[in-house]
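Q: Any chance you can model this:
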Amino acid sequence: MARPEPHRGLMVALALVLTTAAAAQLAATMMPDADLAALAPWPEDLVRHRVEEASAAVTRAAQAGDGLAPALAEAIAAVTDALQRYPDDADLWLRHAEIAALSGALPAVWEDSLMRSYATGPREGWVSARRLPFALSRLAELSPAARSKAMHELDAMVGWRSAYLSQFANAYARLAPRARFVVERAVARQASPVRERVTAILAGADRRFAASRARTPP
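A: Presented below is the predicted three-dimensional model:
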């Protein structure tokens, strides 16, 4: 019996891949313009990508301590443009509040955006996991109405089996002592099984944050 050539299987597979790629390229050249347009990114995706990139640039500038002003200007422009297109987006309103606060705007300015975020997405857990730390870190500056919204969201976050509790816990580990105390009081009001579960999650986030700081060079 003749032995198979050592690389024959590999060569056949490679030829198949090349043939498939060539066929795909040929199909693309023959595809109608309407079908090609369907493959392009959605306008919303492009808008959100700009917002994400601008927000990331703000974070990098804040950490580096350089270039924050132009980064904030681009971020506020990106979010403002996005809100003109999608005015019912709770995440965009939260980003607007965050950027306005970081820019030094008066509390009344960024609180308006925060309240719009509550109004447009009161039960969106992925937004709550970011909105709650923002509100808690500025609790003393909030109006009674906004403070009530924040405390209701905190009770919901620690009292229910929220899938986003771990995400919130990571932000909790970075909060100032006064904000952490507010969270701990809310946890203490829960029934024993819930209180123990949430306490363990928050403690785990604290340990991870401490370990990451220990690994970070001064």
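Q: where does this structure dip in pLDDT?
A: 1-43, 161-162, 217-218 (pLDDT under 70).
Q: care to break this structure down by domain?
A: In the domain annotation for the chain, the residue ranges read 45-122, 123-218 (automatic domain parsing).
Q: gap between the shortest one and the chain center?
A: Spelled out, that is domain 45-122. Centroid separation between domain 45-122 and its chain, computed with Cα atoms, centre = their mean, to the nearest Å, is 12 Å.
Q: circling back to that earlier point, can you put the domains of the chain in JSON lines and add mean neighbour count?
A: All C-beta spots, glycine's among them, are computed from the backbone N, C-alpha and C. Supplementary listing: the domains of the chain in JSON lines, determined by neighbours: other Cβ atoms under 10 Å:
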{"stretch": "domain 45-122", "mean neighbour count": "17"}
{"stretch": "domain 123-218", "mean neighbour count": "15"}
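Q: Break down the protein into its helices, ranges please.
A: In the chain, the helices defined using DSSP state H lie at 8-30, 33-39, 43-64, 68-85, 90-102, 107-120, 125-137, 144-159, 165-172, 177-188, 192-215.
Q: Now tell me what touches the longest one from outside.
A: With Cβ atoms under 8 Å, 6 or more residues apart in numbering as the test, helix 192-215 has contacts from 158-159, 165-166, 169-170, 172-174, 183, 187-188, 190.
Q: what about 10 Å?
A: 157-162, 165-174, 180, 183-184, 186-190 (Cβ atoms under 10 Å, 6 or more residues apart in numbering).
Q: again with the fourth one
A: Residues outside helix 68-85 that contact it (Cβ under 10 Å, 6+ apart) are 43-44, 47-62, 64, 89, 91-100, 102-105, 113, 116.
Q: Contacts only, for the closest residue in space to R138 that isn't next to it in sequence.
A: If the residues on either side of it in the chain are set aside, R138 comes closest to A101, at 6.7 Å by Cβ to Cβ, 6 or more residues apart in numbering. By Cβ under 10 Å, 6+ apart, the contact list for A101 reads 107, 109-111, 113-114, 134, 137-138, 141.
Q: Same check on A129?
A: By Cβ under 10 Å, 6+ apart, the residues touching A129 are 153, 157, 162-171.
Q: Distance to A146 for those residues - can I get that in a markdown table?
A: Listed next are the contacts of A129 as a markdown table, based on distance: Cβ to Cβ, whole Å:
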| residue | distance to A146 |
| --- | --- |
| E153 | 11 |
| M157 | 16 |
| S162 | 21 |
| A163 | 25 |
| Y164 | 21 |
| L165 | 22 |
| S166 | 25 |
| Q167 | 22 |
| F168 | 18 |
| A169 | 23 |
| N170 | 23 |
| A171 | 18 |
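Q: So E141 versus N170, what's the distance?
A: 23 Å (Cβ to Cβ, to the nearest Å).
Q: and if you look at L72?
A: For L72, the distance to N170 (Cβ to Cβ) stands at 24 Å.
Q: do the same with A69
A: Distance from A69 to N170, by Cβ to Cβ: 28 Å.
Q: Equivalent analysis for F134, please.
A: For F134, the distance to N170 - Cβ to Cβ - is 14 Å.
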